[in-house]
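1. Just the structure for this:
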Amino acid sequence: MSKVHVMLQGKGGVGKSFVCAMLAQYQMSKGKTPLCIDTDPINGTFHGYEALGVVKLEVLHDQEIVPRKFDQLVDLIRRNDNGNDVIIDNGASTFVPLSHYLLLHDIAGLLQELEHELVVHTVVVGGQAQDDTLKGFLYLVRQLPEPVSFVVWLNQYWGPVLHGEERFEDFEIYKTNRDRISAVVTIPELHKDTFGEDLSEMLRDRLTFNQALEKEAFSFMAIRRLKMIRQTLFELMDNTSVL
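-> Sure, this is the predicted structure:
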């Protein structure tokens, strides 16, 4: 049974497209060809990765989000009968409309009939936006009933995800909903002046790791650091069976 991975988080700028791009590259490194879709009507960052062949889904009409246009998602998934997974990036502006659409139409049940499993991904960050991203995750858990499962990505770019000395797995929100969470993936902190800057440059140019490693603009040591980042991220995903 192939999986439909949907990224949902109401807070913008927390790394949603980054996670989708990494997930797509990870699957491609395993010889798969995931169907990648971008539903963000404002930024379309995921769509900017030309090497990933991301399909841009237009959901706006006269600057208003039209929920009916999400029907196109179902059509794309239904036609994707080659056994590969689907990866869907979603913007902050369509967070509520798409999550409501998934609930209203029992998309999880529909996908099961089509022999697909719905997996919802969300990002929780450290720093000032931590509470906002936790609220986004809580909204999703309450909005989307079982059998929907969740993968929580802890993005530590702005600092570790902590409440005092408590890690995420010690938070009440995790303890209460642990049966709904298939995996927690902690993105490691990167030294901003070296590893972080190399990765930021790669992301700004919407490059995959393979493209960046062939780009002459990156120094020998920058390429070495990018290889180390890729290895670390892919090993994390190797340990996450739902991916």
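2. Helices of the chain, start to end?
-> Ranges of helices in the chain, per DSSP state H, are 16-29, 71-79, 95-104, 107-113, 130-143, 172-177, 197-204, 209-213, 220-238.
3. Next, format those helices as a markdown table and append mean pLDDT.
-> Conversion of the helices of the chain to a markdown table gives the following (pLDDT from 0 to 100):
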| stretch | mean pLDDT |
| --- | --- |
| helix 16-29 | 98 |
| helix 71-79 | 96 |
| helix 95-104 | 96 |
| helix 107-113 | 95 |
| helix 130-143 | 97 |
| helix 172-177 | 97 |
| helix 197-204 | 96 |
| helix 209-213 | 97 |
| helix 220-238 | 97 |
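4. Show me the one of these that comes nearest Leu162.
-> Nearest to Leu162, of all the helices of the chain, is helix 130-143, at 8.3 Å by CB to CB. Quick note: C-beta positions are derived from backbone N, CA and C, even for glycine.
5. contacts for the closest one?
-> Outside of helix 130-143, the residues that reach it under the criterion CB atoms under 8 Å, 6 or more residues apart in numbering are 8-11, 14, 95, 99-100, 103, 120, 122-125, 150, 152, 161, 171, 173, 177, 180.
6. now that helix against helix 95-104, angle please.
-> Angle between the axes of helix 130-143 and helix 95-104 is 20 degrees (criterion: axes from the mean of the first three to the mean of the last three CA atoms, to 10 degrees).
7. Name the residues of helix 130-143 that are buried.
-> Of the residues in helix 130-143, 130, 133-134, 136-137, 139-141 count as buried by neighbour count, 16 or more other CB atoms under 10 Å.
8. one step back: pick the most deeply packed of the helices of the chain.
-> helix 16-29 (a mean of 22; mean count of other CB atoms under 10 Å).
9. Any chance you could list what contacts that one?
-> With CB under 8 Å, 6+ apart as the test, helix 16-29 has contacts from 5, 7, 9, 33-34, 36, 38, 40, 43, 45-46, 49, 52, 84-85, 87-91, 121, 123, 153, 155, 203, 208-210, 230, 233-234, 237, 243.
10. Might you calculate how far the top strand by length along the chain sits from the centre of the chain?
-> Determined from DSSP state E, the single longest strand within the chain is strand 116-125. With CA atoms, centre = their mean, to the nearest Å as the basis, strand 116-125 stands 7 Å off its chain's centre.
11. Give the pairing partners of it; include direction for each.
-> strand 2-7 (parallel), strand 149-155 (parallel) (DSSP bridges).
12. do you know which of those lies nearest Glu216?
-> Within the strands paired with strand 116-125, the stretch nearest Glu216 is strand 149-155; the backing value is 29.9 Å (CB to CB).
13. distance between the closest one and the chain's centre?
-> Taking CA atoms, centre = their mean, the mean C-alpha location of strand 149-155 is offset from the chain mean by 8 Å.
14. could you dump that strand to CSV, C-alpha only?
-> Once side chains and other backbone atoms are set aside, the C-alpha atoms of strand 149-155 remain, and they are given as CSV (Å, rounded to 0.1, in the frame of the first residue of the first chain):
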residue,chain,number,x,y,z
SER,A,149,-1.4,9.0,11.7
PHE,A,150,1.1,11.7,12.2
VAL,A,151,4.8,12.3,11.7
VAL,A,152,6.1,15.2,13.8
TRP,A,153,9.3,16.9,12.6
LEU,A,154,11.2,18.8,15.3
ASN,A,155,13.0,21.7,13.5
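15. related to what we said a few turns ago, export the helices of the chain to CSV and tack on distance to Met1?
-> Converted to CSV, those look like this (distance: least, CB to CB, whole Å):
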stretch, distance to Met1
helix 16-29, 15
helix 71-79, 13
helix 95-104, 18
helix 107-113, 8
helix 130-143, 22
helix 172-177, 23
helix 197-204, 32
helix 209-213, 28
helix 220-238, 19
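16. of those helices, which approaches Glu58 most closely?
-> Between Glu58 and those, the shortest separation by CB to CB is 8.3 Å, and it involves helix 71-79.
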